[in-house]
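Asks: Provide a 3D model corresponding to the input given below.
(chains A, B, C and D)
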2 protein chains.
Amino acid sequence: MKGATVRNIAQESGLSLGALRHYFSTQDELLDFSMDLVKERAAARIYELSRLEIPIFQKALKILLELLPTDKDKLAEMEVWFAFNTHYRSSGSSYNILNDGILALIERMLRSMKESGALRPELDCELEIERLYALIDGIALHAYLDTKRVDYEQIVKLVTYHMRSICTEEAFS
Amino acid sequence: MKGATVRNIAQESGLSLGALRHYFSTQDELLDFSMDLVKERAAARIYELSRLEIPIFQKALKILLELLPTDKDKLAEMEVWFAFNTHYRSSGSSYNILNDGILALIERMLRSMKESGALRPELDCELEIERLYALIDGIALHAYLDTKRVDYEQIVKLVTYHMRSICTEEAFS
DNA sequence: CTCCGAATAATACAATTGTATTATTTCGTT
DNA sequence: AACGAAATAATACAATTGTATTATTCGGAG
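Replies: Here you go, the predicted structure:
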């Protein structure tokens, strides 16, 4: 957040301090708005993905890879997300950073896979939801912290490996 | 980092500005030292765990649960860790926050489990290391972000579930 | 065209904060 | 006891920053 001063934001957007203040009377308002914007965009991206009509295993992989920071843009987005999160935590703001919709997306995905028989029948669906959710965010965290080690190829390998381990043979053949 | 001002730290430690400055001539020095301290303590805790002499499955569970924020203290430590991480990223400091030794610990753990036959033979050990590492940090992240949902019970259930899924039947009977 | 409010700009103000300076105290050594 | 260096304290200074104030410009409705 070091650079997210009102003056910097004003300059970068080509406005003066007064002009910017006309729309956002306080810095917190400005930051809240920005975070809402990021969340809206992410939600829209996720929604689009969930409406794809392709084979279930490929679709699952595609969705999961879209959730992960597999390119510079998403990596930067994640950087921002973490910065905001830390800021809100330490500033005691009441802003709720949660609910990015990823959990709900993963839940729908796995339930539909279970329904269609793509999920191995002996698995506990509830726990698989939590496990996949944690795994995805863990990979995201590692990609964010150590991009060299957890690069794109590694991410694909890991996600594919996990999905294979919970799917029936027929689902990805 | 909002409250980590030189003045606050001086006051909380019962020193004056000048006294504190006698030991740390700059704020960055002070923060670097603090982070090193946190890392040292974590490393010591991890080292102790790795020397335990108990059955391999119980030992693995014990170690993994120790790595996770299963109590207020470790949760607070994680909060600090994230705050520092974000600070260092945005301040352009050259401090290297990486290498907490967790990856090395998990690698040793899984390799010894593979050696002793506790790991299911059909699994890819390299990928299982990365998967478990990501899963642990993902659970940690979720516990940090949403303590209500990912509480102690949930953490135990998830970790146990995953370890069972990669261990042979004999390993945890 | 005129007028009025929105939009923008420039400047000011107070608070915080990192760092520097200077003076004073403490304490072990000779 | 005396000296000197380390330790501590108090104060000062400059920079940054959020916010407030005031003035000016713009653009459309009447």
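
Asks: Let me know the distance separating A:Phe172 from A:Ala60.
Replies: Distance of A:Phe172 to A:Ala60, computed by C-beta to C-beta, to the nearest Å: 9 Å. From N, CA and C alone the C-beta is placed, and that goes for glycine too.

Asks: joint contacts of these two?
Replies: Common contact partners of A:Phe172 and A:Ala60 (C-beta atoms under 8 Å, 6 or more residues apart in numbering or on different chains): A:Met163.

Asks: out of those two, which sits in the more crowded spot?
Replies: A:Ala60 (24 against 16; other C-beta atoms under 10 Å in any protein chain shown).

Asks: Let me know the pLDDT of the residue nearest in space to the middle of chain A.
Replies: Taking C-alpha atoms, centre = their mean, the centroid of chain A lies closest to A:Leu67, which sits 4.9 Å from it. The model reports A:Leu67 with a pLDDT of 94.

Asks: Can you check which helix is longest in chain A?
Replies: Taking DSSP state H as the criterion, chain A has its longest helix at helix A:27-50.

Asks: how many other residues sit next to the residue in chain A positioned nearest to chain B?
Replies: Using C-beta to the nearest C-beta, the closest approach of chain A to chain B is made by A:Gly138 at 2.7 Å. The number of residues packed near A:Gly138 is 25, by other C-beta under 10 Å.

Asks: And for A:Ser34?
Replies: A:Ser34 has 15 neighbours, counted by other C-beta under 10 Å.

Asks: Check A:Glu170 too.
Replies: 9.

Asks: who's in contact with A:Ser50?
Replies: Contacts of A:Ser50 by C-beta under 8 Å, 6+ apart are A:63, A:105, A:108-109.

Asks: Residues of chain A that sit close to chain B?
Replies: When proximity is defined as C-beta under 8 Å from any C-beta of the partner chain, chain A approaches chain B at A:1-3, A:79, A:82-83, A:85-87, A:89-91, A:97-98, A:124, A:127, A:130-131, A:133-139, A:141-142, A:145-146, A:150, A:154, A:157-158, A:161-162, A:165.

Asks: what's the spacing between the residue of chain A found nearest DNA strand C and A:Ile9?
Replies: Going by C-beta to the nearest atom of the strand, DNA strand C is nearest to A:Gly18 of chain A, at 2.1 Å. Noted for A:Gly18: a distance of 13 Å to A:Ile9, by C-beta to C-beta.

Asks: the more surrounded of these two?
Replies: Neighbours were counted for A:Gly18 and for A:Ile9 using other C-beta under 10 Å; A:Ile9 has more, 18 against 8.

Asks: Check which helix or strand the more buried one maps to.
Replies: helix A:6-12 (DSSP states H and E).

Asks: and that helix, how far out from the chain's middle?
Replies: Relative to the chain's own centre, helix A:6-12 is displaced by 27 Å; criterion: C-alpha atoms, centre = their mean, to the nearest Å.

Asks: go on, stretch A:157-165?
Replies: On C-alpha atoms, centre = their mean, the centre of stretch A:157-165 falls 18 Å from that of its chain.

Asks: Extract the C-alpha set from that stretch and format it as CSV.
Replies: Written as CSV, here are the backbone C-alpha positions of stretch A:157-165 (Å, rounded to 0.1, in the frame of the first residue of the first chain):
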residue,chain,number,x,y,z
LYS,A,157,1.1,-30.6,-13.4
LEU,A,158,-0.1,-30.2,-9.8
VAL,A,159,-3.7,-29.4,-10.6
THR,A,160,-3.9,-32.2,-13.2
TYR,A,161,-2.4,-34.7,-10.8
HIS,A,162,-4.9,-33.8,-8.1
MET,A,163,-7.9,-33.9,-10.3
ARG,A,164,-6.8,-37.3,-11.7
SER,A,165,-6.5,-38.6,-8.2
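
Asks: And it, what's buried?
Replies: Within stretch A:157-165, the residues scored as buried using 16 or more other C-beta atoms under 10 Å in any protein chain shown are A:158-163, A:165.

Asks: Okay, strands next: where are they in chain A?
Replies: With DSSP state E as the criterion, chain A has no strands.

Asks: Flag every residue of it that's near DNA strand D.
Replies: A:2, A:4-8, A:17-18, A:21, A:25-28 (C-beta under 7 Å from any atom of the strand).

Asks: One more pass at 6 Å, please.
Replies: Residues of chain A lying close to DNA strand D by C-beta under 6 Å from any atom of the strand are A:5-7, A:17-18, A:25-27.

Asks: got JSON lines for those residues, with pLDDT too?
Replies: Output for the residues of chain A next to DNA strand D, formatted as JSON lines (pLDDT from 0 to 100):
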{"residue": "A:Thr5", "pLDDT": "97"}
{"residue": "A:Val6", "pLDDT": "97"}
{"residue": "A:Arg7", "pLDDT": "97"}
{"residue": "A:Leu17", "pLDDT": "97"}
{"residue": "A:Gly18", "pLDDT": "96"}
{"residue": "A:Ser25", "pLDDT": "95"}
{"residue": "A:Thr26", "pLDDT": "96"}
{"residue": "A:Gln27", "pLDDT": "97"}
